[in-house]
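Student: sequence-free structure coming up:
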Ligand code: SAM
């Protein structure tokens, strides 16, 4: 029997899914019973891995699914935690970048996933190219573009390294959210950004300023660095806003 006075086990909520850090079926049943909007409690049995940055899960309680609906600032996304990456932790970042934009900008989202940056920024943009290498992510992105009534987003199923060969180097803003790749893709983003445009590069660092040398080697001088959140012991998720001279 569930003890109603027992505090709920630690979990992260993403729409109707709760993700627990412990494999605790009783704790999962407690979460399901006391959170009416939760339909499934999951436990990750792998780290975020592979080029699609996905995880494997087992269901501890509730419906047998890894799919759910998630709403952020009045935009609703269908997500599937097992087939395409999604994190709610950059919600504020999407708003910060939206607030920096001028109407009519051309935006490139190089690692778009199911589309949260592209869809959040589209109402300020003339066009958004939203690229991802994972077909499952692009399918969900197409669904999310339609359900949020965005008409100016072009989904691109591709490896981001091929983009300079197929897109013009004319973007006012380039979003790079693939933090574990280090600086590998930075030269591609730089090529696609117009002079005076801005690249938002999300990357993991151990200390402030760690990536400034790589950025300055590209010729950029106007750089703003912001720690987004703590990632793991001694590592931080950081964003560099880089203006191409
Ligand atoms: N921007 C999305 C978000 O905030 O939810 C997704 C970010 S996720 C950390 C990185 C995404 O990059 C994944 O969806 C993965 O499939 C995609 N990806 C990985 N390597 C790629 C590549 N070479 N070209 C294009 N997309 C890639």
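Tutor: Looks like it came in fine. Remember, it's a predicted structure, so these values are computed and weren't measured experimentally. Residues are numbered from 1 along each chain as shown.
Student: who in the chain is up against the ligand?
Tutor: Residues of the chain lying near the ligand by C-beta under 6 Å from any ligand atom: 51-53, 84-87, 90, 111-113, 116-117, 131-134, 137, 159-160, 177-178. Placement of C-beta: from N, CA and C, glycine included.
Student: what packs against the one helix or strand residue 99 maps to?
Tutor: Per DSSP states H and E, residue 99 falls inside helix 91-100. Under the contact definition 3 or more C-beta pairs under 8 Å, 6 or more residues apart in numbering; DSSP states H and E, helix 91-100 sits against helix 116-121, strand 193-205.
Student: run the chain-centre distance for the helix ranked longest in the chain.
Tutor: Counting by DSSP state H, the longest helix found in the chain is helix 135-147. Distance, stretch centre to chain centre, for helix 135-147: 14 Å (C-alpha atoms, centre = their mean, to the nearest Å).
Student: hmm, who's touching it?
Tutor: Contact with helix 135-147 is made by 52, 76-80, 83-85, 112-115, 118-119, 130, 132, 153, 155-157, as judged by C-beta atoms under 8 Å, 6 or more residues apart in numbering.
Student: what residues sit buried inside that helix?
Tutor: For helix 135-147, burial by neighbour count (16 or more other C-beta atoms under 10 Å) applies to 136-142, 144-145.
Student: residues contacting residue 199?
Tutor: 173-174, 176, 186, 189-190, 193, 240-242, 244.
Student: typo on my end, residue 82
Tutor: So residue 82 contacts 54-57, 66 (C-beta under 8 Å, 6+ apart).
Student: closest to residue 214 among the residues you listed?
Tutor: Taking C-beta to C-beta as the measure, residue 214 lies nearest residue 54 of the contacts of residue 82, at 27.5 Å.
Student: quick check: bridge partners of that closest one?
Tutor: Applying DSSP bridges to residue 54 yields these beta-bridge partners: residue 49.
Student: in stretch 75-85, what's buried?
Tutor: The neighbour-count check on stretch 75-85 (16+ other C-beta under 10 Å) flags 75, 77-81, 83-85 as buried.
Student: correction: stretch 85-98
Tutor: 85-87, 90, 93-94, 97-98.
Student: make a markdown table out of these and add distance to residue 17 and pLDDT.
Tutor: A markdown table is the format used below for the buried residues of stretch 85-98 (distance: C-beta to C-beta, whole Å; pLDDT from 0 to 100):
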| residue | distance to residue 17 | pLDDT |
| --- | --- | --- |
| 85 | 14 | 97 |
| 86 | 10 | 96 |
| 87 | 13 | 92 |
| 90 | 18 | 94 |
| 93 | 22 | 97 |
| 94 | 20 | 98 |
| 97 | 26 | 98 |
| 98 | 26 | 98 |
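Student: and which of the residues you listed is nearest the ligand?
Tutor: Top of the list for closeness to the ligand, among these and by C-beta to the nearest ligand atom, is residue 85 at 3.9 Å.
Student: now for the nearest residue to residue 123 once chain neighbours are set aside: which residues touch it?
Tutor: What sits nearest to residue 123 in space, not counting adjacent residues and going by C-beta to C-beta, 6 or more residues apart in numbering, is residue 150, at 7.7 Å. Under the criterion of C-beta under 8 Å, 6+ apart, the contact list for residue 150 reads 118-119, 122-123, 128.
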